[in-house]
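Enquirer: next comes the sequence, and after it the predicted model I'd like to discuss.
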Amino acid sequence: MKVILFDIDGTLLVSRGIGREAKRRAMQECFGVTGDLDNHVFGGKTDWGILADLLAPYGRSAADIGRDMPAYEAVMARHMRQISGDYLAEPCPHAMELVKALRCREDTLIGLVTGNTSRTAAIKLEMAGFAPDWFAIGAFGNESPHRDDLTRLARQRAGAHLGRDLNGAELIVIGDTPADIQAARAIDAVAVAVCTGYAGRDKLIGCDPDFLLADLSTFQDLVLN
């Protein structure tokens, strides 16, 4: 059995700005400020971590943000739903085909490790044509400011789902940023980098992933077989 953990943005789909705009509206409503949101780089970060970075100049610690995350997540999801008709989300090349193929295999379990909150992750997936319940387990950006923590949570949840402890060789993390590769290393998982997102090929090569793919069309042949 292989447990395959997907990042969302730049790996499964491209949502073209809805996340940034929903954050803007939610931050204004919840905190009264948005900080340097327009220039902030989101790739590889968690929503909790992004808020901690943006609100640090206003005296908010990561712990403060953690206490506010449940309310913030609900507000951000409401705003994202409200503006979803103004944005187009599309699957990354061959992502939909791969997810559907993996769901048909008896030797794979698919899940999510994403910087999105659990509620906004579901909205983005639905916008791009994925059903959130296709993914048996997940770890989300409202659960920690650190992405490495999310792969650890996903490993625990996958083990609980399967009823046994998992070793690193049974886990595959797929993402489009150096942070995804690092998060895979944190649980000794196989690190698969895909060049459909926010980091250039050279930057990904420099992080030494186990596999570097142009897109997900070759994943089954190169990684699973």
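Expert: That came through fine.

Enquirer: can you tell me the element Arg152 falls in?
Expert: Under the criterion DSSP states H and E, the helix or strand holding Arg152 is helix 147-162.

Enquirer: after that helix comes which helix or strand?
Expert: Along the chain past helix 147-162, the next helix or strand (assigned with DSSP H and E) turns out to be strand 171-175.

Enquirer: and the contacts of that next one?
Expert: The contact list for strand 171-175, computed with CB atoms under 8 Å, 6 or more residues apart in numbering, reads 2-7, 10-11, 44, 113, 151, 155, 158, 180-181, 183-184, 187-194, 197, 216, 219, 223. C-beta here means a position set from N, CA and C on the backbone, and glycine is covered the same way.

Enquirer: in strands only, show me these.
Expert: Filtering the contacts of strand 171-175 for membership in strands, criterion DSSP state E, returns Lys2, Val3, Ile4, Leu5, Phe6, Val113, Val190, Ala191, Val192, Ala193, Val194.

Enquirer: the third one and Ala179: what is the separation?
Expert: Pointing back at Ile4 there. 18 Å (CB to CB, to the nearest Å).

Enquirer: repeat that for the first one.
Expert: From Lys2 across to Ala179, the span is 22 Å (CB to CB).

Enquirer: more neighbours: which of the two?
Expert: Taking Lys2 and Ala179 together and counting by other CB atoms under 10 Å, Ala179 has the greater number of neighbours (21 against 17).

Enquirer: list the contacts for the closest residue to the more buried one other than its chain neighbours?
Expert: Distances taken as CB to CB, 6 or more residues apart in numbering put Gly44 closest to Ala179, at 2.8 Å, once the chain neighbours are dropped. When the contact criterion is CB under 8 Å, 6+ apart, the partners of Gly44 are Gly115, Arg147, Gly175, Thr177, Pro178, Ala179, Asp180, Tyr198, Ala199.

Enquirer: same question for Asp86.
Expert: Ile18.

Enquirer: over to the one 10 residues further on?
Expert: Contact criterion CB under 8 Å, 6+ apart gives Ala128, Gly129, Phe130 as the residues in contact with Met96.
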